[in-house]
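Colleague: Quick one, structure for this:
(one chain, ligands or ions: 2)
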Amino acid sequence: MSLELTAPIPEEPSVADDGTWLECIECGEQFAPFDDVRYTCDDCDGLLEVRYASPPTWDDFEGRGVWRYNAALPFEEGVSLPEGATPLHTVPRLESDVGVETLRIKHEGMNPTGSFKDRGMTVGVRVAKELGVGRLACASTGNTSAALAAYGARGGMETLVLLPAGKVAAGKIAQAALHDARILEVDGNFDSCLDIVQDLAARGEVYLLNSLNPFRLEGQKTIGLEILEEFFDDYGTYPDRIVLPVGNAGNTSALYKAFRELVQSGALDAEDVPKLTGVQAEGAAPMVEAIENGWDETRRWDDVETRATAIRIGNPVNAPKALPGIRETGGTAVAVSDEEITEAQRDLAAEGVGVEPASAASVAGLRKLRENGTVSEDEQVVCLTTGHLLKDPDAAFEAGDDPEPVPNDTDAVLEHLAE
Ligand SMILES: Cc1ncc(COP(=O)(O)O)c(C=O)c1O
Ligand SMILES: N[C@@H](CCOP(=O)(O)O)C(=O)O
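Modeller: Ligands and ions are numbered 1, 2, ... in the order given. A predicted model of the protein is given here:
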């Protein structure tokens, strides 16, 4: 296991506030966490990470949901709906069909707005209040906008969302609209929307709450903490592998950070860290390209396309955090077709687990890696499903069978059923 994972706990710098500070992952420059609004390093523009003088151990955790893990977060509590404590489903038929020893599904679609973004927003909006900023904003393929709108509303704050026109699933726009976000539809893809929001943030017009914001990822760390705790309760061991869909690569970065902090505190052995395994759609796979080619960074894909609109992303901003996470945990990355994604969506639905297309990419990826021998039959695996089926009703209609019209008459209904 890599040196990164066993790195010593850094000494608390003078900029720390209550044992917490921001640190550049490229040059190591440190910043006080709440003295100013910043998303990247003032010196080199590298990505920032939140650091703690005392990384958490298992005994520090009590309560339920995201804030059970407040010892691993910058605050005791946040702007909450509440979020987290999502199910870790068993899926016995799918488990034996895919052919692994254990398969569990961590269904993040069961969060308050139907995706894992809520875990990030409960922390992110709390930080926005601490900083005393005005308007909150994000670029989004849909779920981030739904979560920002809801948590902004909960916190009594104004929200602005920029969406790629014609490429966001209906359920997600409906959420942002009802929670009263101002919605701008941009004639461009998600990456162009993020470029604009970053410009607006740099000009001080908005507070950016995409996963470039290091505090968002603190909340998303709790996915990894919950998986490890619950899996250990059930099996007395940790999963060998966690398979997750990858878009902007926030979750991959967040889970890797959660595991590093547990290793640093001595709560987890480095050899027990699950292999982080990322799955992208074939039409939007810059992370897979970077992993396959051994690159340290991704190359931007300008033309991206997939039915899994949530991961229709060509320039994953968290790649510098996520690529080491995949490599140093011994994981990998794989691309799947839209057909394989829809098939996996049906497989999950047949076990009663309703997910949107991007979520099903994890299961499609696991199946592919099992078939090509990368994943072995004795592995214990958790697949992350990131968003709820109702987020994208059109995709669900396409994947499922059509309703059958029948006359308003019992005999005619019976006749129809007998056909
Ligand atoms: C449903 C869904 N799954 C997966 C992803 C990808 O997650 P990440 O950006 O953390 O890689 C997103 C958004 O990016 C999403 O909305
Ligand atoms: N799928 C995301 C894309 C933006 O990701 P973020 O984690 O950087 O906010 C979305 O739902 O918009």
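
Colleague: how deep is the residue in the stretch 251-400 of the chain that ligand 2 sits nearest to tucked in, by neighbour count?
Modeller: Closest to ligand 2 within the stretch 251-400 of the chain is Ala310: 4.5 Å, counting by Cβ to the nearest ligand atom. The way it works is simple: take the backbone N, C-alpha and C, and place the C-beta from them, glycine included. For Ala310, the count of nearby residues is 28 (other Cβ atoms under 10 Å).

Colleague: what do you get for Cys383?
Modeller: The number of residues near Cys383, taken as other Cβ under 10 Å, comes to 34.

Colleague: so what's it up against?
Modeller: 103-106, 242-244, 362-363, 366 (Cβ atoms under 8 Å, 6 or more residues apart in numbering).

Colleague: Just the ones in strands from those residues, please.
Modeller: Among these, the members falling in strands (DSSP state E) are 103-106, 242-244.

Colleague: just those now: which is nearest Glu398?
Modeller: Proximity of the ones in strands among the contacts of Cys383 to Glu398 (Cβ to Cβ) peaks at Ile105, which lies at 21.6 Å.

Colleague: related to what we said a few turns ago, need the per-residue pLDDT for the residue of the stretch 251-400 of the chain closest to ligand 2.
Modeller: pLDDT for Ala310: 98.

Colleague: Go ahead and confirm it touches Asn143.
Modeller: Yes: using Cβ atoms under 8 Å, Ala310 is in contact with Asn143, at 5.9 Å.

Colleague: Following element in sequence after the helix or strand containing Cys138, please.
Modeller: For Cys138, the element it lies in under DSSP states H and E is strand 136-139. Sequence-wise, the next helix or strand downstream of strand 136-139 (DSSP H and E) is helix 143-154.

Colleague: who touches the residue nearest the centre of the chain in this structure?
Modeller: Centroid-nearest residue in the chain, with Cα atoms, centre = their mean: Asn251, separated by 3.9 Å. Neighbouring residues of Asn251 by Cβ under 8 Å, 6+ apart: 116, 220, 223, 244, 384, 386.

Colleague: how about a markdown table for these, with pLDDT and neighbour count added?
Modeller: Below are the contacts of Asn251 laid out as a markdown table (pLDDT from 0 to 100; neighbours: other Cβ atoms under 10 Å):
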| residue | pLDDT | neighbour count |
| --- | --- | --- |
| Phe116 | 99 | 32 |
| Gln220 | 99 | 27 |
| Ile223 | 99 | 27 |
| Leu244 | 99 | 27 |
| Leu384 | 99 | 25 |
| Thr386 | 98 | 30 |
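
Colleague: which SS class is the residue nearest to the centre of the chain?
Modeller: helix (DSSP: H, G, I helix; E, B strand; the rest coil).

Colleague: before we move on, back to that, ligand 1 next: which of the contacts of Asn251 are close?
Modeller: Thr386 (Cβ under 6 Å from any ligand atom).

Colleague: Out of the contacts of Asn251, the closest to Val206 would be?
Modeller: Using Cβ to Cβ, the shortest approach to Val206 within those belongs to Gln220, at 20.9 Å.

Colleague: where does this protein come near ligand 1, residue by residue?
Modeller: So the chain meets ligand 1 at 115, 141, 143, 245-251, 310-311, 356, 358-359, 386-387 (Cβ under 6 Å from any ligand atom).

Colleague: Could you pick out the buried ones from these?
Modeller: Buried members of those, counted by 16 or more other Cβ atoms under 10 Å: 115, 141, 143, 245-251, 310-311, 356, 358-359, 386-387.

Colleague: residue contacts, the residue of the stretch 51-200 of the chain found nearest ligand 1?
Modeller: Residue of the stretch 51-200 of the chain nearest ligand 1, by Cβ to the nearest ligand atom: Asn143 (3.6 Å). If you count contacts by Cβ under 8 Å, 6+ apart, Asn143 has them with 113-117, 172, 310, 386-387, 391.

Colleague: for Leu217, same thing?
Modeller: Counted by Cβ under 8 Å, 6+ apart, Leu217 has contacts 49-50, 120, 211, 250, 253-254, 257, 318, 321.

Colleague: how about the nearest residue to it once chain neighbours are set aside, what does it touch?
Modeller: Leaving aside its sequence neighbours, Leu217 sits nearest to Ala254 (Cβ to Cβ, 6 or more residues apart in numbering; 4.3 Å). If you count contacts by Cβ under 8 Å, 6+ apart, Ala254 has them with 120, 217-218, 220-221, 223-224.

Colleague: Looking at the residues you listed, which is nearest Trp67?
Modeller: Among these, and counting by Cβ to Cβ, the member closest to Trp67 is Glu218, at 11.7 Å.

Colleague: Thanks a lot, catch you later.
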